[in-house]
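Enquirer: the sequence isn't on hand, but the structure is:
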Ligand code: ADP
Ligand code: ADP
């Protein structure tokens, strides 16, 4: 059974690796960021507007909202044999609430995918996303075969609104100010595993697989 958390700075490679690990282990990939993007795309509900007002500035969506969304998702049938959380928790409170909620089936692996700060800006501003297939590319480090098109679906790649340089700077600050407290919480509990995310995608994947074996 795998109840996995991937935590780390924006642009560290969580989504890229989560996609690969989840295919490998056949468990659902749960990204709160993806859930919010789907909500915002759908349109005009009050909740979508509220979420947009935070995501567009690179701020964290309030805990009450994200916690409800997350628990609703992990209560679904497909999560009963495990799951991978990508981007949750992102604050100390979220980490504590998650532990309390999972009393009977605790997390099996908490993995920090850590990357030097100077690399992150290029990773994020160079990120290109395929909305339908969920594939993630990078114009500098991991380009698609045909510029601007997804290798799998052929759809046009987009630049996420929150990957604009102004927003990226704030997201890195939010990571340091809020998410690092959750990292330290897991470190203090001695459950934190650290994988360096600077190496190429396949090397990071191989290291993650090793960590997931134990
Ligand atoms: P996160 O989900 O942590 O924000 P992503 O998986 O979306 O990170 O990756 C951020 C950007 O960096 C994407 O453009 C992705 O293609 C690129 N990327 C991911 N992993 C690597 C890596 N190991 N080396 C180089 N670029 C990477
Ligand atoms: P990245 O992978 O680049 O860090 P995500 O897709 O995980 O980005 O998240 C995008 C945005 O969605 C975040 O900047 C934040 O506004 C919101 N978000 C995602 N997960 C959470 C969370 N656990 N708590 C609060 N806000 C979140």
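Expert: Okay, I see it. A quick note: this is a predicted structure, and the numbers were derived from the prediction, not measured. Ligands and ions are numbered 1, 2, ... in the order given.

Enquirer: quick one: classify residue 85 as helix, strand or coil.
Expert: strand (DSSP: H, G, I helix; E, B strand; the rest coil).

Enquirer: how close does it get to ligand 2?
Expert: According to C-beta to the nearest ligand atom, to the nearest Å, residue 85 stands 9 Å off from ligand 2. Yep, even glycine has a C-beta here, placed from its N, CA and C like the rest.

Enquirer: please apply the same query to residue 128.
Expert: 13 Å.

Enquirer: what about that residue, helix or strand, and which?
Expert: Using DSSP states H and E, residue 128 sits in strand 127-129.

Enquirer: please tell me how far residue 173 sits from residue 9.
Expert: Between residue 173 and residue 9 the distance is 11 Å, computed by C-beta to C-beta, to the nearest Å.

Enquirer: between those two, point out the one with more neighbours.
Expert: residue 9 (25 against 12; other C-beta atoms under 10 Å).

Enquirer: enumerate the residues of this protein near ligand 1.
Expert: 8, 10-16, 123, 126-127, 136-138, 141-142, 197, 200-201, 204 (C-beta under 6 Å from any ligand atom).

Enquirer: now, those residues that are in strands?
Expert: Judged by DSSP state E, the residues of the chain next to ligand 1 include 127, 136-138 as members of strands.
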